[in-house]
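Peer 1: Here is my input, please return the structure:
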Amino acid sequence: MRHLSIATVSVLAILVASPVLAQGRNKTDLKQTGTKNEVTLTQSGTGGVIDVQQVGSFNGASTGYGAEGNQDGGTGNSLTVKQNGNRNAFQALQRDGDSNKISLTQKDNNNTAAFTQSGGARNAVTVDQSGLNGVTKTDHNAGTSQEGGADSSIEITQTDRRQIAVAAQANARDNSLTYIWQTGSDQVANGSQFNTRNSQASIIQYGRTNSGSVTQNGTRDNTVGSVLQQGEDNAAALLQTGPSNSSIGAIFQFGHDNKAVAQQTGSSNSGLYVTQVGNNNTGAVYQTASNNSDIYLTQYTSRNEAIINQIGSSAATISVTQGVGNDNKAIVNQVNSYGSGIYLNQFGTSNEANLGQVLSTGSTISADQYGSGNILTASQTYNAGSTISSMQNGAGNRATITQTR
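Peer 2: Residues are numbered from 1 along each chain as shown. Prediction:
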């Protein structure tokens, strides 16, 4: 173990000018203390280990990164970095290898991390960023990228306030994972996967004023995308595009003023789930060309809104339940969806439901509204062999039902 400080200027200059080189099962340990330190380490081969610890602030102030780690063309390599202090930065690159690992721990404020892993399988990136004893302003940023790997993982954990996490996987097949966990307030998280199969992308946020989005393009068998938010003023977006089979997209929000948008395209035997518990929630859910797929939206408390569309999704189901609460609204449509069904239950006062099916032979609309002041409009157009069932209990309810063949 080497101990370096800001006073050891000559040694640091050598480290910056001439990167540390290692081949084969080599191990490099480095410790720096002070400010404005910089180190670049490069390994090629198999089973290499790089372990860096920096204590201080403004490391990488002149070049942009206080620690840079590069491992090329090997398997079973590991890169571990710990940075304590403010305004530190870390960058890592691992290429053309399997079973490689990158691990970063950053504490205090305004720290930055950037990672790239390419051309391998069973690779892993782990990031842990937090403020000093959980009470400082933090402002951390983390960006990660994995390309061309299967059975790989990205895990980012951020605590405290004003943090940003971005995780991206390309060709993320066979049990690949993107996982972002944020606690605190004013957090932003984005997880994306391209050409995924049997993979998962998940965002969990606890706190206030958080925003989370999951994008999965080219999804195939058993892909899962999810966003869980608990707090106030949250926003969530989820997008899955096929061709996929048995994929699941889910958004769960608890608190006030939440918003959710979820969409699946070309996803057969799949499901979209949106659950919002709180006030002033808005849910918009869309499925296109998703046969034998389902949409489940459940909203509790008052002033919730739901807009749901299924297009070209035969044998599909839309289920909307808005529980005890006031001023709920639901506009639900199925187009060119044979043998499909819309099922709506609204409980409370001043609820509205506008339900429509077009070119959906052998389909069903079933609506139950309990309370006073409810309004229901249900229509079926060019729906041979279809049915509409409506039951409203209470005073002041109105129902308009139209069937056209």
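Peer 1: What residues are bridge-paired with Asp81?
Peer 2: Let me fix one detail, which is that residue 81 is Val and not Asp. Val52, Leu104 (DSSP bridges).
Peer 1: so how far is Ser103 from it?
Peer 2: 7 Å (Cβ to Cβ, to the nearest Å). Backbone N, C-alpha and C define where each C-beta goes, glycine included.
Peer 1: Who has more neighbours out of the two?
Peer 2: Val81 (26 against 17; other Cβ atoms under 10 Å).
Peer 1: what sits against that one?
Peer 2: Asp51, Val52, Gln53, Gln54, Ala67, Gly69, Phe90, Ala92, Ser103, Leu104, Thr105 (Cβ atoms under 8 Å, 6 or more residues apart in numbering).
Peer 1: could these go into a markdown table alongside pLDDT and distance to Ala168?
Peer 2: Shown next, in a markdown table, are the contacts of Val81 (pLDDT from 0 to 100; distance: Cβ to Cβ, whole Å):
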| residue | pLDDT | distance to Ala168 |
| --- | --- | --- |
| Asp51 | 88 | 26 |
| Val52 | 86 | 24 |
| Gln53 | 88 | 28 |
| Gln54 | 85 | 26 |
| Ala67 | 75 | 22 |
| Gly69 | 80 | 19 |
| Phe90 | 86 | 18 |
| Ala92 | 87 | 15 |
| Ser103 | 92 | 19 |
| Leu104 | 91 | 17 |
| Thr105 | 92 | 21 |
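Peer 1: Would you reformat the residues you listed as CSV and include distance to Thr138?
Peer 2: Formatted as CSV, the contacts of Val81 follow (distance: Cβ to Cβ, whole Å):
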residue, distance to Thr138
Asp51, 25
Val52, 21
Gln53, 20
Gln54, 18
Ala67, 19
Gly69, 23
Phe90, 16
Ala92, 21
Ser103, 20
Leu104, 15
Thr105, 14
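Peer 1: How far does stretch 193-202 stretch from one end to the other?
Peer 2: 11 Å (Cα to Cα, to the nearest Å).
Peer 1: for stretch 216-234, that is, sorry about that
Peer 2: End-to-end distance for stretch 216-234, by Cα to Cα: 21 Å.
Peer 1: and that stretch, average pLDDT?
Peer 2: Stretch 216-234 shows a mean pLDDT of 91.
Peer 1: centroid residue for the chain?
Peer 2: What sits nearest the mean C-alpha location of the chain, by Cα atoms, centre = their mean, is Val214, with 3.5 Å.
Peer 1: can you pull out the helices in this structure?
Peer 2: 9-17 (DSSP state H).
Peer 1: Would you map out the domains in it?
Peer 2: For the chain, automatic domain parsing gives the domain ranges 1-217, 272-405.
Peer 1: Could you dump these into a markdown table and include distance to Gln240?
Peer 2: Output for those, formatted as a markdown table (distance: least, Cβ to Cβ, whole Å):
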| stretch | distance to Gln240 |
| --- | --- |
| domain 1-217 | 5 |
| domain 272-405 | 8 |
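Peer 1: remind me which residues of the chain are low pLDDT?
Peer 2: Scanning the chain for pLDDT under 70 picks out 1-25, 60-65, 132-137.
Peer 1: picking that back up, now do the same contact list for the residue nearest to the centre of the chain.
Peer 2: Here Val214 is in contact with 190-192, 201-203, 225-227, 237-239, 249 (Cβ under 8 Å, 6+ apart).
Peer 1: Ok, Arg197 next?
Peer 2: Shown in contact with Arg197 (Cβ under 8 Å, 6+ apart): Ala172, Arg173, Asp174, Thr219, Arg220, Asp221, Asn222, Thr223.
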